[in-house]
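A.B. asks: Just a sequence and a predicted model for now, questions to come.
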Amino acid sequence: MIKVEQLSKEFVLTRKLKKELNTTEDKAVAVKNVSFTCEPGKIFSLLGPNGAGKTTTMRMLSTIYKPSSGSIEIGGVDAVAHPQEARKKIGFLTGSTGLYARLTPNELIKYFADLYQVEKHDFEKRKKYLYDLMDMHEFQNKRIGKLSTGMKQKVSIARTMIHDPEIVVFDEPTSGLDVITAENIITLIRNCKEEGKTVIFSSHIMSEVDLLCDDLAIIHKGGLLYQGSMADFKANMEAPNITAEFIRIVNQTKTQHND
Ligand SMILES: Nc1ncnc2c1ncn2[C@@H]1O[C@H](COP(=O)(O)OP(=O)(O)OP(=O)(O)O)[C@@H](O)[C@H]1O
């Protein structure tokens, strides 16, 4: 279970950033007062347009960023007070997941398995499952630096999942992948759900969200616009389809802000 309450994150802007962003503000508010709960055995999707605050939220859940205020509970652990304990329960995938270019996928996966103290038998089983699922056998001994973007993404996913975490945090998991691999990732996410894991993933692809998620939250400009089940979202739609409804909700706030 992931429980987030009144979560906020402000970034202090350096002189260089102020110039880049063309602002005189000293701080940028990336996430403000966001609360939601992700249940075990369910897939939760965090949706929002570019710059909404999705990655910042995911990074706070994964203990990479410390929140400016608010609380995060990860599998019963206070992730703000005890980040290391919370981290053991999480598999976190992000676009910038560190990969060591000089290592091979096999070496990297083994390194992380050792870091998480995965037993040899579990490691072999888990590795086979992930390599089969993502068709990774062919390039398992090539240097990561020489792999394609999609192959690197597969290695990132395998590294994230090798310790069989109870909570899975995926920031745009299918980004940069071909349709076949994207399908396999969707299968992996579904399997996580069936195994009773808590899954949260961010996306701006509504069709993917529709395929997968049980519950969803929409954020825009750091604030929560919608939270509920996918079934309720669909039942109460005012627009003709889910993509149009997503756009309608986001635009509605734009209009309110302009008033
Ligand atoms: N390190 C940082 N310093 C200053 N501002 C930041 C930093 N990281 C993010 N931001 C700002 O916070 C806001 C939210 O960014 P974030 O990356 O969380 O959005 P996102 O929803 O993941 O967007 P995208 O879909 O484009 O990846 C943006 O306005 C961004 O410019």
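C.D. replies: Thanks, I have the structure now. Numbering: from 1, shown residues only.
A.B. asks: What number of residues are in the vicinity of the residue in the stretch 151-259 of the chain that the ligand sits nearest to?
C.D. replies: Using CB to the nearest ligand atom, the closest approach of the stretch 151-259 of the chain to the ligand is made by residue 204 at 5.9 Å. Yep, even glycine has a C-beta here, placed from its N, CA and C like the rest. Residue 204: 15 surrounding residues under other CB atoms under 10 Å.
A.B. asks: thought it was touching residue 48?
C.D. replies: Yes: contact criterion CB atoms under 8 Å: residue 204 and residue 48 qualify, at 6.9 Å.
A.B. asks: Report the set of residues contacting both of these two.
C.D. replies: Contact criterion CB atoms under 8 Å, 6 or more residues apart in numbering; residues shared by residue 204 and residue 48: none found.
A.B. asks: tell me the mean pLDDT over stretch 18-35?
C.D. replies: Stretch 18-35 shows a mean pLDDT of 89.
A.B. asks: can you tell if that stretch touches the ligand?
C.D. replies: Yes: applying CB under 6 Å from any ligand atom, one finds stretch 18-35 in contact with the ligand at 28, 30.
A.B. asks: How about the contacts made by residue 80?
C.D. replies: Counting by CB under 8 Å, 6+ apart, residue 80 touches 66-67, 71-72.
A.B. asks: circling back to that earlier point, quickly note the distance from the residue of the stretch 151-259 of the chain closest to the ligand to residue 171.
C.D. replies: Distance from residue 204 to residue 171, counting by CB to CB, to the nearest Å: 11 Å.
A.B. asks: likewise residue 152?
C.D. replies: Applying CB to CB, the value for residue 152 to residue 171 is 15 Å.
A.B. asks: When those two are compared, which one has more neighbours?
C.D. replies: Comparing residue 152 with residue 171 by neighbour count (other CB under 10 Å), the higher total belongs to residue 171, at 23 against 18.
A.B. asks: ok, the more buried one touching residue 61?
C.D. replies: No: with contact defined as CB under 8 Å, residue 171 does not reach residue 61; the gap is 9.7 Å.
A.B. asks: tell me, what's touching these two both at once?
C.D. replies: Residues touching both residue 171 and residue 61 (CB under 8 Å, 6+ apart) are residue 92.
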